[in-house]
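Novice: Provided below for reference: sequence and predicted model.
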Amino acid sequence: MDVKELYEKKDDYMGKEVTLQGWIKNHRKQKEFGFLDISDGTDFRNVQIVYDNELENFEKITKYAIGCAVTIIGKMIPSNGKQDFEIKLTEIKKEGDCDKDYPLQPKRHSNEFLREIAYLRPRANLLRAVFRIRSVAAHAIHTYFQDRGYVYVNTPLLTANDGEGAGEMFKVTTLDLKNIPKNEDGSINYKKDFFGKKVGLTVTGQLEGEAFAMAFKKIYTFGPAFRAENSNTKTHVSELWMVEPEIAFCNLEELMDIEEDMLKYIVKTVLEKCPNEIEFFENYVEHGLKEKLQTLLEKKAVRITHENAIKILKESNKNFEYEPEYNEDLAKEHEKYLTEEHFHSPVFVTDWPKDIKAFYMKENEDGKTVAAVDLLVPGSGELMGGSQREENYEKLAKRMKNLGISEEGLEWYLNLRKYGGCIHSGFGMGFERLLMYITGISNIRDVIPFPRTPNNCDF
């Protein structure tokens, strides 16, 4: 049986013989008795096993190393310590030994060290809690959209489209890098490549998602995206997971309603299903985490324009490292001030200067801004970014031309505006950014199983 089942049905099993299979997390030995802490991964909590020298193989058991895989048979009894119960050992079988150089001994390890042994770190308490929450949050995302009639779409990972227009794509090729075919002008002859054109790993599934929204009305994607951005900050990785809904007949105001509702649903689900993990993060990672998450559920997010956000920042008399400007992006310190000091709540910032936003966003009537929105949350800053998409063919084509974006390869995207196009909107949420917010973990490398960053693609 599982540890989770033991905790859930402890009253039913009290006084009865039970069988557990798992790994030794800690081993405390005395002269006449000893304690084993057993974990099987099904629950954040361990189970304490007590054994004494009345067992024939007592001396042998005392030599069992931390990390061993074992099968335990024993009787569940009330505990004299802090545990809800413990198991009085009657029989134990070693299923797999563990060498003495096992690096995860029962002491506190730095996150940097744990990243070096990423194949073992899921066994550490911190990462056990992180990846349990990651699983629950992922399921909550699917449940939220499925229960509301959205169609789940698997958009391609290989694409010829740079959806963000930022040129930060990993290139994919089968060309011989030692003998690259060239055109007469010296450029690479991609016609000799596998796909016959320049192809890369996707940075977003949004464009393809829009095509499906024009057929199913409400869709979402949830999958990996890749950014060839040479950044070593705590909030950037080269391989990440994105949640990207696209909704037809939906304007910017309605989009913000969906963003807030989805976020609250996910957080509420995690709080309900992972109380032990959240308690762990509250005690060891971010004091006040539970209050932060509970406040999110209780308060409605503020909605302000980018212009008003800059005005608030300028009138704050704060000595910012980066001076807030009307035609520029918000810095982390600006997001922090708006969410944590001024409003004390999540904040939607809308109507951004068009010159700093993507080509597909709908231009507002003022000709200077676009119908874009970023959701800022206390403790993490920007969590989601979305917009109402430009539904007018001529306006979108003109915008692409002005930005020097070729229509070649994007004719189909423009044609969506010709063949029954309509007002539609969508947003993207970095799944790892969400997990950082929920757990209080400050480094994105610690909320993804095997992080890919510049100069690091191990495991």
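Specialist: Yep, that arrived.

Novice: my read: Leu36 touches Tyr64, true?
Specialist: Yes: if you go by CB atoms under 8 Å, Leu36 and Tyr64 touch, sitting 7.3 Å apart. C-beta coordinates here come from the backbone N, C-alpha and C atoms, glycine included.

Novice: what is in contact with those two at once?
Specialist: Common contact partners of Leu36 and Tyr64 (CB atoms under 8 Å, 6 or more residues apart in numbering): Ile24, His27, Val70.

Novice: from those residues, which land in strands?
Specialist: Residues from these lying in strands, with DSSP state E as the criterion: Ile24, His27, Val70.

Novice: and of those residues, the nearest to Val370?
Specialist: Closest approach to Val370 among these (CB to CB): Ile24, at 57.3 Å.

Novice: which residues are in contact with the residue found closest to that closest one once you drop the neighbours it is linked to in the chain?
Specialist: Nearest residue to Ile24, sequence neighbours excluded (CB to CB, 6 or more residues apart in numbering): Cys68, at 4.9 Å. Residues in contact with Cys68 (CB under 8 Å, 6+ apart) are Trp23, Ile24, Lys94, Glu95, Gly96, Asp97, Cys98.

Novice: ok, the first one - how many residues close by?
Specialist: Applying other CB atoms under 10 Å, we find 20 residues neighbouring Trp23.

Novice: more crowded one of Leu36 and Tyr64?
Specialist: Shown here are Leu36 and Tyr64; by other CB under 10 Å, Leu36 has more neighbours (27 against 19).

Novice: give me the element the more buried one is part of.
Specialist: strand 33-39 (DSSP states H and E).

Novice: shaky segments in this structure?
Specialist: For the chain, the stretches with pLDDT under 70 are 163-167.

Novice: quick revisit: are any of the ones in strands among the shared contacts of Leu36 and Tyr64 buried, and which?
Specialist: Ile24, His27, Val70 (16 or more other CB atoms under 10 Å).

Novice: please report how far Ile441 lies from Phe281.
Specialist: 8 Å (CB to CB, to the nearest Å).

Novice: likewise for Phe320?
Specialist: In terms of CB to CB, Phe320 sits 30 Å off from Phe281.

Novice: tell me which of the two has more neighbours.
Specialist: Phe281 (22 against 13).

Novice: the more buried one: which element?
Specialist: helix 275-284.

Novice: next one: Lys290
Specialist: helix 289-298.

Novice: what lines up beside the helix or strand that that helix is followed by in the sheet?
Specialist: Following helix 289-298 in sequence order, the next helix or strand is strand 302-305 (DSSP H and E). In its sheet, strand 302-305 lies beside strand 347-353 (parallel), with partners assigned from DSSP bridges.

Novice: from Glu86, how far out is Lys63?
Specialist: 21 Å.

Novice: that older thread, which other helices and strands contact the strand holding Leu36?
Specialist: strand 17-29, strand 47-52, strand 69-77 (3 or more CB pairs under 8 Å, 6 or more residues apart in numbering; DSSP states H and E).

Novice: most tightly packed of these?
Specialist: strand 47-52 (a mean of 20; mean count of other CB atoms under 10 Å).
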